[in-house]
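Enquirer: I need the structure of the sequence given here:
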Amino acid sequence: MKVLFINNNGGGFADWVEVDENTRVEKFFEDTMPNMSATDVLIRVNRQPVSADTELRDGDRVSITPTKIEGAR
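Expert: Coordinates of the predicted model:
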């Protein structure tokens with residue numbers, strides 16, 4: 001299945017990506033952002049904040065936005 005991944009980290013980008021059926025947000029985050037901590041980002045699915053155990057569905061829009069910016073005071 002495909003989900004729209006919107007990465008708001010750094011320069012940011014958006015693209016459709018393939019994920020397995022029954023993929024949970026936690027697994028998606030670990031696979032797409034391996035060097036980031038989940039405590040440093042806000043993850044939304046279809047513009048709504050979600051928990052780590054939320055299952056993704058075909059056509060979902062997943063955005064990951066950092067809540068801590070490197071170098072900021």
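Enquirer: list the contacts for Asp60?
Expert: Counting by CB atoms under 8 Å, 6 or more residues apart in numbering, Asp60 makes contact with 3-4, 45-46. Any C-beta I mention is one placed from the backbone N, CA and C, and that applies to glycine too.
Enquirer: repeat for Val62
Expert: Counted by CB under 8 Å, 6+ apart, Val62 has contacts 3-6, 25, 28, 43-45, 56.
Enquirer: out of the residues you listed, who has the most neighbours?
Expert: Within those, most neighbours by other CB atoms under 10 Å means Phe28, with 24 neighbours.
Enquirer: For it, which residues are in contact?
Expert: Shown in contact with Phe28 (CB under 8 Å, 6+ apart): 3, 19, 56, 62.
Enquirer: any idea what the most centrally placed residue in the chain is structurally, helix, strand or coil?
Expert: Nearest to the mean C-alpha position of the chain, by CA atoms, centre = their mean, lies Ile64 at 4.0 Å. Secondary structure assignment for Ile64 (DSSP: H, G, I helix; E, B strand; the rest coil): strand.
Enquirer: give me the number of residues near the residue lying closest to Asp20 once chain neighbours are set aside?
Expert: Closest residue to Asp20 apart from its sequence neighbours, by CB to CB, 6 or more residues apart in numbering: Met1 at 7.7 Å. For Met1, the count of nearby residues is 14 (other CB under 10 Å).
Enquirer: can you tell me which residues contact Met1?
Expert: Per CB under 8 Å, 6+ apart, neighbours of Met1: 18-21, 56-59.
Enquirer: out of the contacts of Asp60, who's nearest Asn35?
Expert: Using CB to CB, Val3 comes nearest to Asn35 of those, at 20.6 Å.
Enquirer: which stretches of the protein aren't confidently modelled?
Expert: Along the chain, segments meeting pLDDT under 70 span 69-73.
Enquirer: In it, what residue spans correspond to helices?
Expert: In the chain, the helices defined using DSSP state H lie at 25-32.
Enquirer: just the strands in it please.
Expert: Secondary structure of the chain (DSSP state E): strands located at 2-7, 13-18, 41-45, 48-49, 61-66.
Enquirer: a markdown table for the contacts of Val62, including distance to Asn35?
Expert: Listed next are the contacts of Val62 as a markdown table, based on distance: CB to CB, whole Å:
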| residue | distance to Asn35 |
| --- | --- |
| Val3 | 21 |
| Leu4 | 22 |
| Phe5 | 16 |
| Ile6 | 18 |
| Val25 | 18 |
| Phe28 | 15 |
| Ile43 | 16 |
| Arg44 | 20 |
| Val45 | 22 |
| Leu56 | 21 |
